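**Student:** need a 3D model of the sequence below.
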Amino acid sequence: MSESSDAERHPNPVDLHVGARIRMRRKILGVSQERLAEDLGLTFQQIQKYERGANRVSASKLYEIAKSLQSSVGYFFEGLADPTADGVAETGEPFVHDFLMTSEGLELAALFPKISRAKVRRRILELVRSMAEEEASAVEEG
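**Tutor:** As a prediction, this is how the structure comes out:
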């Protein structure tokens with residue numbers, strides 16, 4: 001098999017990252033794929049392909065997406081390593097990104113900052129931490 005056919009089957013990591021950031025921003029704002037597609041003059045299937053990284057987003061289309069989703073173009077590249085460094089690996093913890101891509105993670109990320117009382121936020125964090133520790137202990141014992 002040629003390298004080009006292998007690359008066609010596996011989206012570029014940058015395209016995957018940009019697509020995931022489009023999806024995350026869209027979901028944070030509560031915008032449907034249909035609504036974003038309509039705003040951009042595309043089909044919702046094209047938005048799906050962008051979000052999966054199956055289709056690469058052109059610079060002009062990314063500019064339109066940023067405008068529609070009220071963000072900067074740079075937002076879609078946040079979390080990528082500096083391209084002048086070795087490789088294009090994501091920085092930070094991948095599980096945080098994966099968590100934020102779930103509906104529960106997005107909802108939690110949107111609602112948590114709305115809790116104005118710091119004491120309540122700390123107690124919620126303590127609850128989640130203790131539940132996670134309990135889960136880890138159960139897995140180790142199991």
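**Student:** pLDDT weak spots in this structure?
**Tutor:** Using pLDDT under 70 as the threshold, the predicted model of the chain has low-confidence ranges 1-8, 85-97, 142.
**Student:** and the contacts of stretch 119-135?
**Tutor:** Applying C-beta atoms under 8 Å, 6 or more residues apart in numbering, the set of residues contacting stretch 119-135 from outside is Phe112, Ile115. For the C-beta atoms, the positions are set from N, CA and C on the backbone; glycine is no exception.
**Student:** mind redoing it with 6 Å?
**Tutor:** Contact with stretch 119-135 is made by Ile115, as judged by C-beta atoms under 6 Å, 6 or more residues apart in numbering.
**Student:** ok, stretch 30-48 next?
**Tutor:** Arg26, Glu64, Ser68.
**Student:** chain center to the one helix or strand the second one maps to, what's the gap?
**Tutor:** Taking DSSP states H and E as the criterion, the element that holds Glu64 is helix 59-68. Once both centres are worked out by C-alpha atoms, centre = their mean, to the nearest Å, helix 59-68 turns out to sit 17 Å from its chain's centre.
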